[in-house]
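> Mind folding the following:
(4 chains)
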Protein chains: 2
Amino acid sequence: MALEHAILVSLLERPGSGYELARRFERSIGYFWTATHQQIYRVLKRMENDGWVDVRDVPQQGRPDKKEYSVADLGRAALSSWLHDPIEPDSVRHDLAVKIRGAAFDDPTALIHEVKRHRQAHQDRLEHYLAGEERDFTGPEANAAAARAPLDPERELQHVVLRGGIAYERMMIGWLDDVLTTLARFGPGR
Amino acid sequence: MALEHAILVSLLERPGSGYELARRFERSIGYFWTATHQQIYRVLKRMENDGWVDVRDVPQQGRPDKKEYSVADLGRAALSSWLHDPIEPDSVRHDLAVKIRGAAFDDPTALIHEVKRHRQAHQDRLEHYLAGEERDFTGPEANAAAARAPLDPERELQHVVLRGGIAYERMMIGWLDDVLTTLARFGPGR
DNA sequence: TCGTGCTATGCAACTCGTTGCATAGCAAGT
DNA sequence: ACTTGCTATGCAACGAGTTGCATAGCACGA
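Predicted coordinates for the structure are as follows:
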């Protein structure tokens, strides 16, 4: 399981609370890993027990106190050992593809709406990613930062992962267009 | 959860035993859904109890008997109702992307081997898909079959899903090349 | 002041998925 | 005779992930 490792990476990039991690998992980390706050709190607790992370109580004004987690030596070692361990390519699961093949036994055109909805969701995410890329990697401000610190691995690797997300969304949009063209051939009704 | 629905679709395409389903999930269905035989047997049992599928004992010579499952009316209805239910776009989980971002805190070049392995796996799957496409959809024999039964939804929809698998593998190969180029920039050692 | 909404953490119950193991028939090689 | 390997089904235990709910502080507007 990689949730603990995803958390370690995120905490190495910047220490934070469970709640903050949950929000990161909704955005930037969200393009390659998802997790709810429940999962994150539970795993953080286990990682704390295992000595992978350190906790620090941070009082805040205007909002509840938080527990800020940071990576301990044991956690760094655990991450390093996982990084050197080969893993299998992830298995894919696409409910939508199941639906598309299943549509042959129902009314294929009834799926058009659903496919369009998914296409829109991917379009939205693509635009979100592109905006993030402009802001953090290709925009003028980001370029100035890059000039000050060229070949920064953290930055470059975050960017290449983001490019993966962008490529994925573009691929999905193209494929969903292909699906829509195919569905349209069956005409109205069944 | 869609495993039961994936099984329904597969059984509608052709009735079969749990063992046969497990093998289908290793290949053709494997490009959008994975499942082990344990999962399949357990879910088949539940579906049988719910009256979604019918079972028939099939004696075989030279090998153990099998139970052949086929879709019952209730199962067809369940599939249909699921097809008309909107679902959320699937969340993505890529261990490899976690590793890539994590590599910033270790030796980035140590990942090169791992990435190459994954690239090869995707290359192999792509070739497997392309061979299947040629055999079932674009080859001479397949074309003759298509001429006899044009606009067959089952066939067309299977093909468009396969094209999705092909597009996915091509995207992954392209992205992994991008990753390799990026990793190479950090030179040997850390 | 009452509801709404955001930050922040957590429990309990449940379902889903994986892993290891077990059984059993039969074929084919050594 | 023994082992290996494929078909075929299944149990038991565990771990991962989801869902519903609960609590609590504070801000802000109607």
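
> And A:R190, what's its pLDDT?
Looking at A:R190, its pLDDT is 44.

> hey, where'd the strands end up in chain A?
Under the criterion DSSP state E, strands of chain A are mapped to A:53-58, A:66-71.

> of all the ones you listed, which lies closest to A:L151?
Nearest of these to A:L151, taken as CB to CB: strand A:66-71 at 23.4 Å. In short, each C-beta sits where N, CA and C put it, glycine included.

> CA atoms only for the closest one - export them in PDB, please.
C-alpha atoms of strand A:66-71 as PDB (Å, rounded to 0.1, in the frame of the first residue of the first chain):
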ATOM      1  CA  LYS A  66      -3.900  21.600  14.900                       C
ATOM      2  CA  LYS A  67      -1.300  18.800  15.100                       C
ATOM      3  CA  GLU A  68       1.500  19.400  12.700                       C
ATOM      4  CA  TYR A  69       3.300  16.300  11.400                       C
ATOM      5  CA  SER A  70       6.800  16.100  10.000                       C
ATOM      6  CA  VAL A  71       8.800  13.200   8.800                       C
END
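
> Check which helices and strands that strand is in contact with.
helix A:3-13, helix A:18-26, helix A:37-49, strand A:53-58 (3 or more CB pairs under 8 Å, 6 or more residues apart in numbering or on different chains; DSSP states H and E).

> just these: most buried one?
Of all the helices and strands packed on strand A:66-71, helix A:3-13 has the most neighbours on average by mean count of other CB atoms under 10 Å in any protein chain shown, namely a mean of 23.

> possible to save the helices and strands packed on strand A:66-71 as a markdown table with distance to chain B?
Formatted as a markdown table, these follow (distance: least, CB to the nearest CB, whole Å):
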| stretch | distance to chain B |
| --- | --- |
| helix A:3-13 | 4 |
| helix A:18-26 | 10 |
| helix A:37-49 | 12 |
| strand A:53-58 | 14 |
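
> For A:R185, find the nearest of these.
Per CB to CB, nearest to A:R185 of those: helix A:18-26, 37.9 Å.

> got the buried residues for the helix or strand of chain A with the lowest mean pLDDT?
Lowest by mean pLDDT, DSSP states H and E among the helices and strands of chain A is helix A:140-148, with a mean of 87. For helix A:140-148, burial by neighbour count (16 or more other CB atoms under 10 Å in any protein chain shown) applies to A:A142, A:A146.

> With stretch A:109-123 instead?
A:T109, A:L111, A:I112, A:E114, A:V115, A:R117, A:H118, A:R119, A:H122.

> and it, does that touch chain B?
Yes: applying CB under 8 Å from any CB of the partner chain, one finds stretch A:109-123 touching chain B at A:A110, A:L111, A:E114, A:R117, A:H118, A:A121, A:H122.

> Mind listing residues that contact that stretch?
Residues from elsewhere that reach stretch A:109-123 (CB atoms under 8 Å, 6 or more residues apart in numbering or on different chains): A:96, A:99-100, A:103, A:169, A:172-173, A:176-177, A:179-180, A:183-184, A:186-190, B:83-84, B:86-87, B:89.

> Which members of the residues of stretch A:109-123 next to chain B are positioned in helices?
Residues of these located in helices (DSSP state H): A:E114, A:R117, A:H118, A:A121, A:H122.

> Pretty sure A:D54 is one of the things A:L44 touches, is it not?
No: counting by CB atoms under 8 Å, A:L44 stays clear of A:D54, with 11.3 Å between them.

> can you list the domain ranges for chain A.
Domain segmentation of chain A under automatic domain parsing yields A:3-83, A:95-184.

> if we can go back for a sec, ok, which of the helices and strands packed on strand A:66-71 comes nearest DNA strand C?
Among these, the nearest to DNA strand C by CB to the nearest atom of the strand is helix A:18-26 (3.2 Å).

> Any regions of chain A where pLDDT drops low?
A:188-190 (pLDDT under 70).

> counting contacts, what elements does the longest helix seen in it pack onto?
Ranked by number of residues, the top helix in chain A under DSSP H is helix A:153-184. If you count contacts as 3+ CB pairs under 8 Å, 6+ apart, helix A:153-184 packs onto helix A:112-133, helix B:95-102, helix B:153-184.
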